[in-house]
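J.: Mind looking at a prediction? Sequence and model below.
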Amino acid sequence: MSDPVTPAASTAADTAGLGRTLVDAFGKGWAKGDVPLLMSVFSDDAVFIETPFAQPRKGKEAILNYWRDVPVHQAEVTFTSGEVFTVGPWFSAEYKVTFRRRRTGEWVEARGAMFCETAGGKISELRMYWHRWAGGREG
């Protein structure tokens with residue numbers, strides 16, 4: 001007799017591992033200004049929603065149009081993320097990003113959460129909820 005819990009636990013573990021890999025690649029791409037690495041986590045038909053009230057960006061080209069200028073405006077970027085939580089094909093994680101605005105030199109800190117659906121080993125939908133604080137770091 002098979003254990004009915006085992007498939008769900010295996011799926012959750014698989015999604016958690018995939019989620020960690022995708023979040024780490026996304027964060028490394030953002031921190032290093034490596035837009036191709038950041039974009040590598042998205043499926044071709046992915047949807048990206050920057051904030052709850054933002055218009056969805058559909059497809060890799062639309063998502064790329066959002067992220068391609070980030071390295072132009074952000075310097076000294078650090079990205080950290082918390083534990084990955086999973087439900088079915090979805091995973092979520094909190095994150096923190098700090099960067100210096102290239103134009104003004106001002107430090108910015110953003111903290112938020114990302115909620116991702118996966119398909120085929122990639123992110124098929126990414127929703128971000130975040131808050132940005134200018135002044136970002138002390139001393």
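T.: Thanks, I have the structure now.

J.: State the mean pLDDT of the helix ranked longest in the chain.
T.: With secondary structure taken from DSSP state H, the chain has its longest helix at helix 5-32. Averaging pLDDT along helix 5-32 yields 81.

J.: Which strands or helices does that helix pack on?
T.: Using 3 or more Cβ pairs under 8 Å, 6 or more residues apart in numbering; DSSP states H and E, the elements in contact with helix 5-32 are helix 35-39, strand 74-81, strand 85-87, strand 90-101, strand 107-119, strand 122-134. (Glycine included, C-beta is placed from N, CA and C.)

J.: Using TSV, lay out those together with mean neighbour count and mean pLDDT.
T.: Converted to TSV, the helices and strands packed on helix 5-32 look like this (neighbours: other Cβ atoms under 10 Å; pLDDT from 0 to 100):
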stretch	mean neighbour count	mean pLDDT
helix 35-39	16	97
strand 74-81	15	98
strand 85-87	15	94
strand 90-101	18	97
strand 107-119	17	96
strand 122-134	16	93
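
J.: looking at those, which is closest to W67?
T.: helix 35-39 (5.6 Å; Cβ to Cβ).

J.: Next secondary structure after that closest one?
T.: Sequence order places strand 42-49 as the next helix or strand after helix 35-39, per DSSP states H and E.

J.: Please name the residues that touch the nearest residue to P52 once chain neighbours are set aside.
T.: Of all residues not flanking P52 in the chain, Y129 sits nearest, at 6.3 Å (Cβ to Cβ, 6 or more residues apart in numbering). The neighbours of Y129, taking Cβ atoms under 8 Å, 6 or more residues apart in numbering as the test, are T51, P52, G112, A113, M114, F115.

J.: and Y129, bridged to which residues?
T.: On DSSP bridges, the residues paired with Y129 through beta bridges are A113.
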